[in-house]
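Visitor: Here is a sequence together with a model predicted from it:
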Amino acid sequence: GGTLVLRMEDLDHPKNKPGAAQAALDDLRWLGLDWDEGPDVGGPCAPYVQSERVERYAAALRQLQQGGHVYPCVCTRRDVEQGQSAPHLDDCSPRYNGACDGRFTDYEAALRIRLAADGSDTVVSPNQWPAWRFRARGATRFADVFQGEQQGDVGTAEGDFVLARHPQGAGYMLAVVVDDAAMGITEVVRGDDLLPATHRQLQVYHALGLRPPRFCHVPLVVGEEGRRLAKRHGDTRLSALRERGFAPEAIVGLLAWWSGWASWGEALTPRALIPRFDLGHLPREPAVLDARVKRWLGV
């Protein structure tokens, strides 16, 4: 057996509500999950809350600056869209043309430009700080445990990408790379909506001289129209299902049924699923919150 690490990734989320982190831990324990290291149990890599680890990200950003891998950027989203010279990767990812690469001598120079553009000498708000962009160079390849061989070229498809929107380097993309390496993470299992982001992360791992984990990207649960779950699909949060009187074994059974590891209506604990775990039985297509499941869930 290995070590299961729970990390609270609370950066870049201005809408974090007081008590939300504890509620998430409570919901996971109610479902029957536990972990070996985490914010509530401690461990050798504490702290396990990203907002308490920002000095580590600042150090990594300094390393990237010294290696010439990043540069400050004052472009707005509109600037990126107007300066785009290649087709959209998708509706929300226009290609960045490198307009700020080599434009500034340092971050302070970029900040002065942003202040001047703002037309005031007041302190600029955090969402207007210059961003740090990573120079995306070369193709990346990796063998996904579920999806098979993957290859990509971030620089060609998307251009240089934003690595951090904070002057000290506290951004999601950099934080997860730094933390996975520091915590000895060897296996990452996550939704396949993050598959494209893996190519960005691999470039950051390489630039920092770190060894990446193995990645396993699995299908999401989606609505009947094919989009990932949101409020429009009804309240499917674990806390809401708890309040409606569902037993945790019933919810685990539904997840197992979607995964091809159980029959419809089976009630199971996560521990009971261990001998049934088999990626070979996991469907290639997303699980669908269809009319049958919605009726059963009451959403």
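Guide: In hand now; what should we look at? Numbering: from 1, shown residues only.

Visitor: all contacts plus neighbour counts: C-alpha atoms, from now on.
Guide: Will do.

Visitor: for the stretch 51-200 of the chain, which spans come out with low pLDDT?
Guide: Counting by pLDDT under 70, the ranges of the stretch 51-200 of the chain that qualify are 77-93, 117-127.

Visitor: Please, where are all the strands along it?
Guide: 70-73, 131-134, 140-144, 148-152, 161-164, 187-191 (DSSP state E, counting those that start in this stretch).

Visitor: Look up phi and psi at the nearest residue to Leu33 once chain neighbours are set aside.
Guide: Counting by C-alpha to C-alpha, 6 or more residues apart in numbering, Leu33 lies nearest to Pro270, which is 6.7 Å off, once chain neighbours are set aside. Here is the backbone geometry of Pro270 (degrees, to the nearest 10): phi -60, psi -40.

Visitor: Local confidence estimate at Pro270?
Guide: With respect to pLDDT, Pro270 scores 96.

Visitor: Now do the contacts for it.
Guide: Counting by C-alpha atoms under 8 Å, 6 or more residues apart in numbering, Pro270 touches Leu31, Gly32, Leu33, Val252.

Visitor: Quick check: PyMOL command selecting the buried ones in those.
Guide: In PyMOL, this line selects whichever of these come out buried by 16 or more other C-alpha atoms under 10 Å:
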select buried, resi 31+252
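
Visitor: which two in the contacts of Pro270 are spaced the farthest apart?
Guide: Farthest-apart pair in these is Leu33 and Val252; separation 10.2 Å (C-alpha to C-alpha).

Visitor: Distance of the residue nearest to Leu33 relative to Val218?
Guide: 18 Å (C-alpha to C-alpha, to the nearest Å).

Visitor: Please apply the same query to Pro44.
Guide: For Pro44, the distance to Val218 - C-alpha to C-alpha - is 29 Å.

Visitor: Could you check which of these two has the larger neighbour count?
Guide: Comparing Pro44 with Val218 by neighbour count (other C-alpha atoms under 10 Å), the higher total belongs to Val218, at 24 against 9.

Visitor: Can you check the pLDDT for the more buried one?
Guide: For Val218, the model assigns a pLDDT of 96.

Visitor: right, and it touches Val189 too?
Guide: Yes. Using C-alpha atoms under 8 Å, Val218 is in contact with Val189, at 7.3 Å.

Visitor: all helices of this structure, in order?
Guide: Along the chain, counting by DSSP state H, helices occupy 20-31, 54-66, 77-82, 107-118, 154-157, 172-182, 195-208, 238-243, 248-258, 270-273, 291-297.

Visitor: Go through the second one and flag the buried ones.
Guide: It refers to helix 54-66. Across helix 54-66, burial judged by 16+ other C-alpha under 10 Å covers Val54, Arg56, Tyr57, Ala58, Ala60, Leu61, Leu64, Gln65.

Visitor: now the angle from that helix to helix 172-182?
Guide: Orientation note: helix 54-66 sits at an angle of 100 degrees relative to helix 172-182 (axes from the mean of the first three to the mean of the last three C-alpha atoms, to 10 degrees).

Visitor: CA atoms of helix 54-66 as CSV?
Guide: Extracted in CSV, the C-alpha atoms of helix 54-66 (Å, rounded to 0.1, in the frame of the first residue of the first chain):
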residue,chain,number,x,y,z
VAL,A,54,3.4,30.5,-0.3
GLU,A,55,7.1,31.0,0.6
ARG,A,56,7.9,27.7,-1.2
TYR,A,57,6.2,29.0,-4.3
ALA,A,58,8.0,32.3,-4.1
ALA,A,59,11.3,30.4,-4.0
ALA,A,60,10.4,28.3,-7.0
LEU,A,61,9.4,31.4,-8.9
ARG,A,62,12.8,33.0,-8.1
GLN,A,63,14.4,29.8,-9.5
LEU,A,64,12.4,30.1,-12.7
GLN,A,65,13.3,33.8,-13.0
GLN,A,66,17.0,33.1,-12.6
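
Visitor: Sweet, I'm off.
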